[in-house]
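Novice: coordinates for the following, if possible.
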Amino acid sequence: MYSFTGTNLSPDIRTISIQNIENSTGEGPSNLTQVVTDNLKDYYRRNTNLAIVQGEGDLQIAGQIVSFTYSPAAIQREGQQDIASLNRLTLGLQIRFANVKQPEKDFERTFTISQDFPQNVDVTQLSTAQIEQMSEQLVVDVFNKTVADW
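Specialist: Residues are numbered from 1 along each chain as shown. Below is the predicted model:
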């Protein structure tokens, strides 16, 4: 079966359960888990005909944030000192996916995304929109792996 969103789902798959994403790092904004969980649910709701259920769906997604790191990138030497001209935020999301109807498609995988910011921007200065954008790209990657077979 093919659709314009690229999904490749058997007609007998009708439901999906998406558990609340946990933050095992303790880092990041306090609403990070809610942002990622909501983005997952919203994306599947908009791009599939699957009903999102609380219990065990035909498809099941659970996961945790395993990386929220802000580190120097693009190191440059100025005089006797190395300084970062950019800082990089890396967000990692470990996903456990189960397909009840086709268990051979089950997987556990970590999805990561990084984005560079000017060195004068501290991680606490990042806007909600910037973190939301990174989360949305991770959600697209998860979606493609789970229902688009990409």
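
Novice: poorly predicted segments of the chain, please.
Specialist: 1-6, 74-75, 77, 82, 84, 149-150 (pLDDT under 70).

Novice: show me where it has strands.
Specialist: 15-18, 22-23, 51-52, 59-78, 81-99, 107-118 (DSSP state E).

Novice: quick one: strands adjacent to the fourth one?
Specialist: Pairing partners of strand 59-78, with direction, according to DSSP bridges: strand 15-18 (parallel), strand 22-23 (parallel), strand 81-99 (antiparallel).

Novice: quick one, it and strand 107-118 angle?
Specialist: For strand 59-78 against strand 107-118, the angle by axes from the mean of the first three to the mean of the last three C-alpha atoms, to 10 degrees is 30 degrees.

Novice: looking at the strands paired with strand 59-78, which is buried most?
Specialist: Mean neighbour count (mean count of other C-beta atoms under 10 Å) peaks for strand 15-18 among these, with a mean of 20. Where C-beta positions appear, they are placed from N, C-alpha and C, glycine not excepted.
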